[in-house]
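[1] Structure of the sequence below:
(2 chains)
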Protein chains: 2
Amino acid sequence: MNQIPNFLLERVRLTPNRIAIATDGEEITFKDLHNRVINLAYKFHHLGIKDGSHVSVLMNNSIEFIEVVYALHYIGATSILLNIRLSDDEIVYQLENSDSEFLIVAKSNTVKIPENIKLLNINEIENSKSKEFPIKSNFDGDKIATMMYTSGTTGFPKAVLQTYFNHWSSAIASVLNLGLDHKDVWLVCLPMFHVGGLSTVYKSAIYGMKIVLTNKADAHTIKDCVKKHNVTILSVVTKVLNDILTIVEGTNELNNVRAALLGGGPAPLPLLQKARALNVPVYQTYGMTETCSQIATLSPEYMLSKIGSAGKALFGCTLEIRDDQRTCLPKEVGEIVVKGPNVSKGYYKLTKLTDSSEYLYTGDLGYVDEDGFLFVVDRRSDLIISGGENIYPAEIESVLLSHPDIIEAGVTGKEDPNWGKVPVGFVVSKSSNPPSQEELIEFCRDKIAGYKIPKEIFYVDNLPRNATNKLVRRELLKLL
Amino acid sequence: MNQIPNFLLERVRLTPNRIAIATDGEEITFKDLHNRVINLAYKFHHLGIKDGSHVSVLMNNSIEFIEVVYALHYIGATSILLNIRLSDDEIVYQLENSDSEFLIVAKSNTVKIPENIKLLNINEIENSKSKEFPIKSNFDGDKIATMMYTSGTTGFPKAVLQTYFNHWSSAIASVLNLGLDHKDVWLVCLPMFHVGGLSTVYKSAIYGMKIVLTNKADAHTIKDCVKKHNVTILSVVTKVLNDILTIVEGTNELNNVRAALLGGGPAPLPLLQKARALNVPVYQTYGMTETCSQIATLSPEYMLSKIGSAGKALFGCTLEIRDDQRTCLPKEVGEIVVKGPNVSKGYYKLTKLTDSSEYLYTGDLGYVDEDGFLFVVDRRSDLIISGGENIYPAEIESVLLSHPDIIEAGVTGKEDPNWGKVPVGFVVSKSSNPPSQEELIEFCRDKIAGYKIPKEIFYVDNLPRNATNKLVRRELLKLL
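    Alright, predicted model coming up:
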């Protein structure tokens, strides 16, 4: 059996009094965190959560969120981490699809959840009774620790299975790339219901490292956090990093930062030059929910010589470019396929994710240069990354198509100064009196999260299609 | 199957141009090392070494030694690393006991080896033909990478089996404790045929870290290496660290050193105070061949508050004190038992090393305090550590007992200003005209390595024995 140390318990044994998490108002040691987790786990157990239970969690970044996740790990339950920005319909779909028996929330919730699912508000279970159980010193590596929903080419959300071994391997591969200093403090401003945030929570325990949690990802909040907590590492998206670099220009406020991990698309040259001038090493990364955080990273020694590259696959991981089954030549664009101990084995209740030799076909397009550096050309299925959230056009198109007057729909991303990209829709109507743009947007409202709703919707006569009549989304903007 | 990345191949993919190894006269990148390894491996293969071959290696620390070890790994052969200070008899015993088909040496050797074993001098195979084979990108984690001989309570040398997974896990547990900086340079002055030296060679590839090799471990050589190569981490024994601290007193020559790993017994307070004054963080460690390097380490934050402690078991490892099967209370002395992914599964051709729950009984005595810190009270079977080498009294006693005039023998360690301890013997003779001390020492000469030969041998009437007539070695010195 593939045994992985119980991250938090092991850390408490080693350095109980180090600070584990800091928020705006609170700091907590590993030992105190563990004690709170035990307390909560016993209550959860009394309330019916067992080894193997499926438990959805709908919470904002907070110490309580981390307590909930570890309490479920201690029990042996699988956590399904839901995006707090989902619409009610989406939440219900994910609760049912994941066979959740419980939904844990932190504030009174208006979501009408199916009757067979128990709602637990962690602020209302303080007086609950407890039921003890033996805490295991190891996690079974092959067990599903967490599930996170993602939409693929079909526009149909699927739960990515993430094992303890996946999360452990991700943390190990990262430390061999990024190094580790006993003074390290990692700022988590990415949501913990995304793997970029959650993986840092695990790193905290595995590395014995303080993390700083915030729910706000604006440049001023981050700058203040960096200063207040002596942050040395931060994970950010391009826009936010650019904003921070702008407001600290001419100061030494980022002197302590030894790594800025940049996800969600290639960084533009001016940003990298600005970072270089301020002596902030930028690590461009490539990863996804299915790889449990980064799988490729560009070392800062190549920050300017390999501009636009996401680097090489981490130690122990493999990355190839394939065209169908054939491995592409250097500089030849093909599908990015990856393999590694951090790669998910599949989607819940769906077919295996990887091929017979354990390769994951990401659906993303890219190439490697002669030196083996990855360049991502296009994210899978015309993925739109908006403010760090992934938006899958097919998912929004299927909502638009569910309107009785709409017969064709295409969605793509449009540049936006605040969000990087925002979704815009193109529709064909069969009606002589089609709904207005406002009516269509309103129609989407309850069905999908706010950030997924097209900011603009245009009526057109035809959508661009290729020879096999497949929608060519990258041609959509030319219709304007 | 438990797959481990091929350490060196993976490192070459990531950072081919970083310096891997520096010696007094040479520096070599990971890429160049790999190329040399391939070249050598093809020759070895042509000369008959195959996947699964048992190959003994008798070499001094050198780049060539590292090439040989990796070439054997690339082929899939098991390396048996022999101590260069062994006597001819000991070498022949280990060659035969390990079923070695080959012996690799670097200089013309006068050892008369059994006829069925092929002798390869790596300086004489330059013109050998090559036979190519496919280099695997992974090692099978459960496969035996290396074997090293150690003597236990029986005085009978046994080969410790070390898998790729053991070595990998050791490097990972260490990085989570010690951290990793891209400027790290680790000085290896311990012999590579011991696990303390070899483990650092693997760390070099896994971490992408430069190591500095030397065969001399005197304070002046080490001090010069530290300066010349900007060494940041060094593994040393107490005496050597003390010597170095003495010669650099009042200078800033060790300013760059961020960790001095200290093995082989607890460090005395004055040494630790001297280190503190010079701002050299000392990590006291506990480990053995069977744990593939350290299994417990004291963090420098506890350097002075837990004087004499070897710290806590590394992340993912477990350490307990037992008296028979019972777990001892804090401060109660018992046998140290350990468990972890770095712990060897057994000795070659002998019974399993660990118990049914994978615990290794080390034979060493110790206790843990209320905070869980280990204190080693006595090394197993009255182990004598002399200049960093392990000497097992029972092994020397059996040599003395093989003399026709000697009917009882006891060996123990005596304090020595240069070596820490040196072995001294106590014998009982049945003869009215027993051999002189010099004759007895001469008698040992060909049978055991020079460092194991007792520096003094005393005739006594009786040896101290306990109620069950077992020799009580720690009482021997009282006979003087």
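[2] confidence score at the residue nearest to residue A:261 when sequence neighbours are not counted?
    In space, and not counting its chain neighbours, residue A:261 is closest to residue A:235: 4.5 Å by C-beta to C-beta, 6 or more residues apart in numbering or on different chains. (Each C-beta comes from the backbone N, C-alpha and C, glycine too.) If you check residue A:235, the pLDDT there is 90.
[3] If you average the pLDDT over stretch A:58-66, what comes out?
    Average pLDDT, stretch A:58-66: 95.
[4] hmm, who's touching it?
    The contact list for stretch A:58-66, computed with C-beta atoms under 8 Å, 6 or more residues apart in numbering or on different chains, reads A:21, A:23, A:26, A:28, A:33, A:36, A:57, A:68, A:82, A:84, A:91, A:103-106, A:109, A:111, A:122, A:188, A:191-193, A:197, A:201, A:213-215.
[5] These, buried ones only, as a ChimeraX selection?
    Listed next is the ChimeraX selection for buried residues among the contacts of stretch A:58-66, using 16 or more other C-beta atoms under 10 Å in any protein chain shown:
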select /A:21,23,28,33,36,57,68,82,84,91,103,104,105,106,111,122,188,191,192,193,197,201,213,214
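[6] which ones among the contacts of stretch A:58-66 are found in helices?
    Among those, the members found in helices (DSSP state H) are A:33, A:36, A:68, A:91, A:197, A:201.
[7] For residue B:298, state which of these is nearest.
    Residue B:298 has its nearest neighbour among these in residue A:33, at 24.0 Å by C-beta to C-beta.
[8] what's near enough to touch the closest one?
    Counted by C-beta under 8 Å, 6+ apart, residue A:33 has contacts A:8, A:20-21, A:63, A:66-67, A:70.
[9] any idea of the pLDDT on it?
    In this prediction residue A:33 is given a pLDDT of 98.
[10] measure it to residue A:18 for me?
    In this view, residue A:33 and residue A:18 are 10 Å apart by C-beta to C-beta, to the nearest Å.
[11] before we move on, back to that, and the ones in helices among the contacts of stretch A:58-66, which is closest to residue A:262?
    Residue A:262 has its nearest neighbour among those in residue A:197, at 15.1 Å by C-beta to C-beta.
[12] could you check the distance from that closest one over to residue B:479?
    68 Å.
[13] swap in residue A:180?
    Taking C-beta to C-beta as the measure, residue A:180 falls 52 Å from residue B:479.
[14] confidence score at the nearest residue in space to residue A:157 that is not next to it in sequence?
    Excluding its sequence neighbours, the residue lying closest to residue A:157 (C-beta to C-beta, 6+ apart) is residue A:149, at 4.5 Å. On the pLDDT scale, residue A:149 is placed at 93.
[15] And for residue A:241?
    Predicted confidence (pLDDT) for residue A:241: 88.
[16] same thing with residue A:470?
    Reported pLDDT for residue A:470: 66.
[17] give me the element the spatially most distant residue from the centre of chain A is part of.
    The C-alpha centroid of chain A is most remote from residue A:432, which lies 42.3 Å away (C-alpha atoms, centre = their mean). Counting by DSSP states H and E, no helix or strand carries residue A:432.
[18] before we move on, what SS does residue A:435 have?
    With DSSP: H, G, I helix; E, B strand; the rest coil as the basis, residue A:435 sits in coil.
[19] ok, back up a step: and the ones in helices among the contacts of stretch A:58-66, which two are the farthest apart?
    Checked with C-beta to C-beta, those reach their widest spread between A:33 and A:91, with 27.8 Å between them.
[20] In chain A, which residue is most central in space?
    Nearest to the mean C-alpha position of chain A, counting by C-alpha atoms, centre = their mean, stands residue A:194 at 3.0 Å.
[21] May I have the predicted confidence score for it?
    91.
[22] excluding its backbone neighbours, what's nearest the residue in the stretch 301-450 of chain A that chain B sits nearest to?
    Proximity of the stretch 301-450 of chain A to chain B (C-beta to the nearest C-beta) peaks at residue A:316, 4.5 Å away. The shortest distance from residue A:316 to any non-neighbouring residue, by C-beta to C-beta, 6+ apart, is to residue B:5 (4.5 Å).
[23] got it, and residue A:249?
    Among residues not flanking residue A:249 along the chain, residue A:278 sits closest, at 7.1 Å (C-beta to C-beta, 6+ apart).
[24] Next, give phi and psi for the one you found.
    Dihedral pair for residue A:278: phi -90, psi 0, per degrees, to the nearest 10.
[25] now the one 10 residues further on
    Recorded main-chain torsions at residue A:288 are phi -160, psi 170, according to degrees, to the nearest 10.
[26] which SSE is residue A:410 in?
    strand A:406-416.
[27] mind listing what residue A:161 touches?
    A:144, A:147, A:344-348.
[28] That one: what secondary structure?
    strand.
[29] Chain neighbours aside, what residue packs nearest to it?
    Residue A:161 sits nearest to residue A:144 (C-beta to C-beta, 6+ apart), 5.1 Å away.
[30] measure that neighbour to residue B:178 for me?
    Going from residue A:144 to residue B:178 by C-beta to C-beta gives 32 Å.
[31] swap in residue A:458?
    For residue A:458 relative to residue B:178 (C-beta to C-beta), the value is 59 Å.
[32] With neighbour numbers in mind, choose between those two.
    More crowded of residue A:458 and residue B:178, by other C-beta atoms under 10 Å in any protein chain shown: residue B:178, with 24 against 14.
[33] check contacts around the more buried one.
    Residue B:178 makes contact with B:233, B:259, B:261, B:283, B:297, according to C-beta under 8 Å, 6+ apart.
[34] So which of the contacts of stretch A:58-66 sit within strands?
    Among the contacts of stretch A:58-66, DSSP state E puts A:21, A:28, A:57, A:103-105, A:188, A:213 in strands.
[35] Of all pairs in those residues, which one is the farthest apart?
    Every pair of the ones in strands among the contacts of stretch A:58-66 checked by C-beta to C-beta; the farthest is A:28 and A:103, at 25.1 Å.
[36] Which parts of the stretch 101-250 of chain A are helices?
    Using DSSP state H, counting those that start in this stretch, the helices of the stretch 101-250 of chain A run over A:164-178, A:195-207, A:219-229, A:238-248.
[37] ok, now the stretch 251-400 of chain A?
    Counting by DSSP H, counting those that start in this stretch, the stretch 251-400 of chain A has helices at residues A:269-277, A:393-401.
[38] wait, which of these is closest to residue B:241?
    Once these are compared by C-beta to C-beta, helix A:269-277 is nearest, at 40.3 Å.
[39] Touching that closest one from outside, list them.
    For helix A:269-277, with C-beta under 8 Å, 6+ apart as the criterion, the contacting residues are A:238, A:241-242, A:245-246, A:249, A:260, A:281-282, A:303-304, A:307.
[40] now, which of those residues sits nearest chain B?
    Using C-beta to the nearest C-beta, the contacts of helix A:269-277 come closest to chain B at residue A:281, 9.8 Å.
[41] What count of nearby residues applies to the closest one?
    17.
[42] quick one: contacts for it?
    Here residue A:281 is in contact with A:257-260, A:275, A:300, A:303 (C-beta under 8 Å, 6+ apart).
[43] Can you tell me which of the residues you listed end up in strands?
    Those of the contacts of residue A:281 mapping onto strands are A:259-260, per DSSP E.
[44] Give me every residue in the stretch 51-200 of chain A lying close to chain B.
    A:137, A:172, A:175-176, A:179-182 (C-beta under 8 Å from any C-beta of the partner chain).
[45] let's go with 10 Å and repeat that
    Taking C-beta under 10 Å from any C-beta of the partner chain as the contact definition, the stretch 51-200 of chain A meets chain B at A:137-138, A:168, A:171-173, A:175-184.
[46] Pick out the most distant pair among the residues you listed.
    Within those, two members stand farthest from each other by C-beta to C-beta: A:138 and A:183, at 29.5 Å.
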